[in-house]
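K.L.:
Return a 3D structure for these sequence lines:
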Amino acid sequence: MTIFGEIRTARLLLRPLVEADRETVVAIQTDPRTNRHHPERPDAAESEVKFDSWLEDWAELGFGYVAVIEAATQAFAGVGGVQLREWSGEKILNLYYRFVPEVWGRGYATEMARAVVSWADRTLPQYPVQISVNVDNEPSLRVAKRLGFDTYAEAPFDGALTRHFRRG
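P.N.:
Have a look, this model is predicted:
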C-alpha cells in the first residue's frame, strides 16, 4: 500500500526510499558535517537501524521519508519528508530533512518541505505537521519560518534544546 508516489518540484524528484538507497543515506546520516547541531553523531549501526525503520514505514503506512533527487543531474541530494510519530501523547507528522553538504544553500530543504507539507495537508489532514529544530541550527530555523510555521513549544530533545514548530 503506497499512498505517496512521486512528487516533482521545479528542481527535485521526491520518491520513496528503497533498499538501494541504504549506503547513501547512512553516509549522509553519519557525516559529521550533517550532524553539527546534534550532541551525538549517530554511528553506522544506529543509522542502519533507523533506515530499516524508515523502510518499515513505507511497507506499513505507504509513506515516510523520501529520497530527494536533483532532477537535472539525477544526483542523490538528501533525505526528507514526514514520518508519523507520537509527541507528547499526540500523533503528528514529523517533518525531517538532511542533505549532502555539497547542495546546502540551494533552497532544497524549503522546496522539498513545501511539496511534502502540501501532500500531507491533502492526504493526511488529521495529523498536524511539526518541525523540531535545535535552537542553534539557524538555517533550519529559517526554513521553518519560510514555510510559515510558528513556535509551538521549546524543550530538551536528544540532548539539546529544541524548538518545535507548527502552523498557526
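K.L.:
which ones are touching residue 97?
P.N.:
Going by Cβ atoms under 8 Å, 6 or more residues apart in numbering, residue 97 touches 68, 78-81, 109, 112-113. Every C-beta, even on glycine, is put in place using the N, C-alpha and C of the backbone.
K.L.:
Please identify the helix or strand for it.
P.N.:
In this structure, residue 97 sits in strand 90-99 according to DSSP states H and E.
K.L.:
Among the contacts of residue 97, which lie within helices?
P.N.:
Among these, the residues falling in helices (DSSP state H) are 109, 112-113.
K.L.:
Who is the residue nearest to the spatial centre of the chain paired with across the strands?
P.N.:
By Cα atoms, centre = their mean, the chain has its centre lying nearest to residue 96, at 2.0 Å. Beta-bridge partners for residue 96, by DSSP bridges, are residue 81.
K.L.:
repeat for residue 151
P.N.:
Residues in beta-bridge contact with residue 151 (DSSP bridges): residue 165.
K.L.:
Could you report the neighbour count for it?
P.N.:
When neighbours are counted by other Cβ atoms under 10 Å, residue 151 registers 14.
K.L.:
Pretty sure it sits against residue 164.
P.N.:
Yes. With contact defined as Cβ atoms under 8 Å, residue 151 reaches residue 164; the gap is 7.4 Å.
K.L.:
Can you pick out the most distant pair from the contacts of residue 97?
P.N.:
In the contacts of residue 97, the most distant members under the criterion Cβ to Cβ are 79 and 113, with 12.5 Å between them.
K.L.:
Would you state the strands of the chain in chain order?
P.N.:
7-8, 12-16, 65-70, 76-87, 90-99, 129-134, 150-157, 160-166 (DSSP state E).
K.L.:
Counting by contacts, list what the fourth one packs against.
P.N.:
Taking 3 or more Cβ pairs under 8 Å, 6 or more residues apart in numbering; DSSP states H and E as the contact definition, the neighbouring helices and strands of strand 76-87 are strand 12-16, helix 22-30, helix 44-61, strand 65-70, strand 90-99, helix 108-123.
K.L.:
Fine, thanks again, bye for now.
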